[in-house]
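> Curious how this folds, go ahead:
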Amino acid sequence: MNNNNYHKHIGVGLRSPHLDFFSTQQPALSWLEIHSENYFQPYSAARQTLRQLVEHYQISCHGIGLSLGSVERVSQNHLKQLKQLVDEVQPFLVSDHLSWSENGGHYFNDLLPLPYTEEALQVFCRNVDEVQDYLQRPILIENPSSYVKFQHSTINEWDFLTEVQRRTDCRLLLDLNNIHVSAFNHGFDTKTYLDAIPAECVDEIHLAGFTVKQLEKGEIWIDTHSKPVSDEVWKLYEQWLSQYGSRHTLIEWDLDIPQPEILLAEADKANTRVLTFESQTAERIAS
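As a prediction, the model looks like this:
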């Protein structure tokens, strides 16, 4: 297989309906992102397919279950399974979310927001440190989308995320769609957020689509990952490229999953933008 037509930074999220397609067709892509927990069972069909895909693609392990914001420490069983997967697959990136999803042994099927306080910051950093020590590698932390705010929060999300990076030496996964959605829901400026993030610590960018929902009290945007990337998020991506250069970039699509050709068409759009940016940069340098 020849992946030379794709920039090294462009990948897509690998979801179960597309497993057979990617394993048999092997379309030209640089990398694939998996949700780590879906591949924990070493004898599952999904894990066997993943072993085949590793021969053709770089893999990123994106976690949805570490619950790094929980007061209780990270599940040792979860960590053990994650390390076994990481040791076998040797992903070039391992990531999870600025969120929580477990409390007192009860697991929630969602990535829930944190109160942005000093106490929550200490807990989150403690858990990130434990995961990084266990895996013996840095992990990336992704900014969330959110729809409510805690009244007792004392820290802006962008400052909270930046401080997590400073204290733990983790890396960052910047989801531009999440910033766009949360900016509308909470009334802040995306530029304020992006300007506060240490760009040199960002190793990956996520791009996805969102849904507009009308409620009695007004409009809310939901990060559904069920649509093409919006024009506004493409503009944010172009601004990022012009200011900071390219990063590993992923197209996410988790609900109403389309035919793989549609997903690849979104990846083509990102690929074109990166190649155009790099071509323009080279022309400026040459002149």
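> Residue 147 in helix, strand or coil?
Put simply, residue 147 is coil when judged by DSSP: H, G, I helix; E, B strand; the rest coil.
> separation between it and residue 233?
Residue 147 sits 18 Å away from residue 233 when distances are taken as CB to CB, to the nearest Å. Just so you know, the C-beta spots here come from the backbone N, C-alpha and C atoms, and that holds for glycine as well.
> Quick one: residues contacting the closest residue to residue 227 other than its chain neighbours.
Nearest residue to residue 227 in three dimensions, chain neighbours excluded: residue 209, at 3.0 Å (CB to CB, 6 or more residues apart in numbering). By CB atoms under 8 Å, 6 or more residues apart in numbering, the contact list for residue 209 reads 177, 224, 225, 226, 227, 228, 229, 230, 253.
> can you do 7 Å?
Residues in contact with residue 209 (CB atoms under 7 Å, 6 or more residues apart in numbering) are 225, 226, 227, 228, 229, 230.
> Flag the shaky bits of the stretch 1-150 of the chain, pLDDT-wise.
Across the stretch 1-150 of the chain, the ranges flagged by pLDDT under 70 are 1-6, 102-109.
> In it, what residue spans correspond to helices?
Shown for the stretch 1-150 of the chain, the helices assigned by DSSP state H, counting those that start in this stretch span residues 19-25, 45-53, 76-89, 118-135.
> returning to what we had before: okay, residue 147 and residue 233: which has more neighbours?
Applying other CB atoms under 10 Å to residue 147 and residue 233 shows that residue 233 carries more neighbours, namely 23 against 15.
> who touches the one helix or strand the more buried one maps to?
Element membership for residue 233, per DSSP states H and E: helix 231-244. Under the contact criterion CB under 7 Å, 6+ apart, helix 231-244 has outside partners 176, 177, 180, 190, 199, 205, 207, 273, 274, 277.
> Distance check, residue 159 against residue 20.
44 Å.
> between those two, which one's more packed in?
Neighbour totals were compared for residue 159 and residue 20, and residue 159 leads with 15 against 11 (other CB under 10 Å).
> give the contact list for residue 31.
Residue 31 is in contact with 11, 57, 58, 59, 60, counting by CB under 7 Å, 6+ apart.
> Of these, which belong to strands?
Under the assignment DSSP state E, the contacts of residue 31 contribute 11, 58, 59, 60 to strands.
> Would you format those as a markdown table with neighbour count and distance to residue 81 included?
As requested, the ones in strands among the contacts of residue 31 are arranged in a markdown table below (neighbours: other CB atoms under 10 Å; distance: CB to CB, whole Å):
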| residue | neighbour count | distance to residue 81 |
| --- | --- | --- |
| 11 | 25 | 23 |
| 58 | 20 | 21 |
| 59 | 23 | 16 |
| 60 | 25 | 17 |
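> before we move on, back to that, and which of the contacts of helix 231-244 is nearest residue 220?
Of all the contacts of helix 231-244, residue 220 sits closest to residue 180, with 13.2 Å by CB to CB.
> Chain neighbours aside, what residue packs nearest to that closest one?
Counting by CB to CB, 6+ apart, residue 180 lies nearest to residue 233, which is 5.3 Å off, once chain neighbours are set aside.
> Look at that neighbour and report its pLDDT.
pLDDT, residue 233: 98.
> Dump stretch 227-246 to PDB, keeping only the CA atoms.
Extracted in PDB, the C-alpha atoms of stretch 227-246 (Å, rounded to 0.1, in the frame of the first residue of the first chain):
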ATOM      1  CA  LYS A 227     -22.100  15.700  10.700                       C
ATOM      2  CA  PRO A 228     -19.400  17.000   8.400                       C
ATOM      3  CA  VAL A 229     -17.000  19.600   9.900                       C
ATOM      4  CA  SER A 230     -18.600  23.000   9.800                       C
ATOM      5  CA  ASP A 231     -17.300  25.900   7.800                       C
ATOM      6  CA  GLU A 232     -16.500  27.800  11.000                       C
ATOM      7  CA  VAL A 233     -14.400  25.000  12.400                       C
ATOM      8  CA  TRP A 234     -12.500  24.700   9.100                       C
ATOM      9  CA  LYS A 235     -11.700  28.400   9.500                       C
ATOM     10  CA  LEU A 236     -10.400  27.800  13.000                       C
ATOM     11  CA  TYR A 237      -8.300  25.000  11.600                       C
ATOM     12  CA  GLU A 238      -6.900  27.300   8.900                       C
ATOM     13  CA  GLN A 239      -6.100  30.000  11.500                       C
ATOM     14  CA  TRP A 240      -4.300  27.400  13.600                       C
ATOM     15  CA  LEU A 241      -2.300  26.200  10.600                       C
ATOM     16  CA  SER A 242      -1.300  29.800   9.700                       C
ATOM     17  CA  GLN A 243      -0.200  30.600  13.200                       C
ATOM     18  CA  TYR A 244       1.300  27.400  14.500                       C
ATOM     19  CA  GLY A 245       1.700  24.900  11.700                       C
ATOM     20  CA  SER A 246       0.400  21.500  11.100                       C
END
